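Chemist: Generate coordinates for the sequence data below:
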Amino acid sequence: MDLNAVFDRFPILESAALLLKPIELCHLDDLHAIYSNDLVFEFCGIMPRKNKEAVKNMIGHFERDFMKRTKIKWGIFSNQDRDKLMGIVEAWNFNVKVGSVSIGYYLAEPYWGKGIATEAVALLIEFLFEQVQVNRILAEVMPGNIASGRVLLKNGFMKEGTLRQTEIWTGKGVVDLEIYGILREDVNY
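Modeler: The predicted structure follows:
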């Protein structure tokens, strides 16, 4: 696994329709709209944040995590409007010995059901397999989050099972998690 491909310089990922790039202060209003919507985090271990100043501070946390080489968060933007933040896709839990990484994603509510998450995840897995040379990508989904499971299945992930009462998620307590995974050999990169 080549962590330098992730953390030496922030990687910009692009498809015909989407651009994945850093979230900056100029995106604060859009980021606040995402983080202040209870529905966005219904199936996440993240508490919504109504306070705009708290959301502003999060942008610094994104950069700090990147500089510490522990997590990377890309803003999801349209190639039509390269400054309108539609959502976030992230990678963390880089396990060099196993060659694995965890991913997650969430979109602002107006962009649900339009294939944006599916395409953003496709861009991310291509980058992780081709550039970072990971062997396994993992995603955890709360049971009941049908849309998120579909995003993963469309991208070639397999539902590997459900871990019962496996984690404590903020605002949710002890939760079950469905585990989805995809291996490099599954996609022939």
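
Chemist: In contact with Thr162: list those residues for me.
Modeler: Neighbouring residues of Thr162 by CB atoms under 8 Å, 6 or more residues apart in numbering: Pro143, Asp176, Leu177, Glu178, Ile179. Quick note: C-beta positions are derived from backbone N, CA and C, even for glycine.

Chemist: can you pull out the helices in the chain?
Modeler: Under the criterion DSSP state H, the chain contains helices at 4-7, 28-35, 52-67, 116-130, 146-154, 184-187.

Chemist: out of those, deepest packed?
Modeler: helix 116-130 (a mean of 21; mean count of other CB atoms under 10 Å).

Chemist: which strands and helices sit next to that helix?
Modeler: strand 13-14, strand 18-21, strand 71-78, strand 85-95, strand 100-107, strand 136-141, helix 146-154, helix 184-187 (3 or more CB pairs under 8 Å, 6 or more residues apart in numbering; DSSP states H and E).

Chemist: Could you dump these into a markdown table and include distance to Glu126?
Modeler: Shown next, in a markdown table, are the helices and strands packed on helix 116-130 (distance: least, CB to CB, whole Å):
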| stretch | distance to Glu126 |
| --- | --- |
| strand 13-14 | 8 |
| strand 18-21 | 11 |
| strand 71-78 | 13 |
| strand 85-95 | 12 |
| strand 100-107 | 12 |
| strand 136-141 | 11 |
| helix 146-154 | 14 |
| helix 184-187 | 9 |
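
Chemist: Cys44 is nearest to which of these?
Modeler: In terms of CB to CB, the element of those nearest to Cys44 is strand 100-107, at 6.6 Å.

Chemist: hey, C-alpha coordinates of the closest one in CSV?
Modeler: Output in CSV follows, covering the C-alpha atoms of strand 100-107 (Å, rounded to 0.1, in the frame of the first residue of the first chain):
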residue,chain,number,x,y,z
SER,A,100,-7.1,-2.4,3.8
VAL,A,101,-9.0,0.9,4.2
SER,A,102,-12.4,1.9,5.3
ILE,A,103,-14.6,4.4,3.4
GLY,A,104,-17.7,6.4,4.1
TYR,A,105,-19.9,9.0,2.3
TYR,A,106,-22.9,11.3,2.8
LEU,A,107,-24.7,13.7,0.6
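
Chemist: between it and strand 136-141, how big is the angle?
Modeler: Calculated by axes from the mean of the first three to the mean of the last three CA atoms, to 10 degrees, strand 100-107 forms an angle of 40 degrees with strand 136-141.

Chemist: so strand 100-107 versus strand 71-78, what angle?
Modeler: Going by the same axes, to 10 degrees, strand 100-107 makes 40 degrees with strand 71-78.
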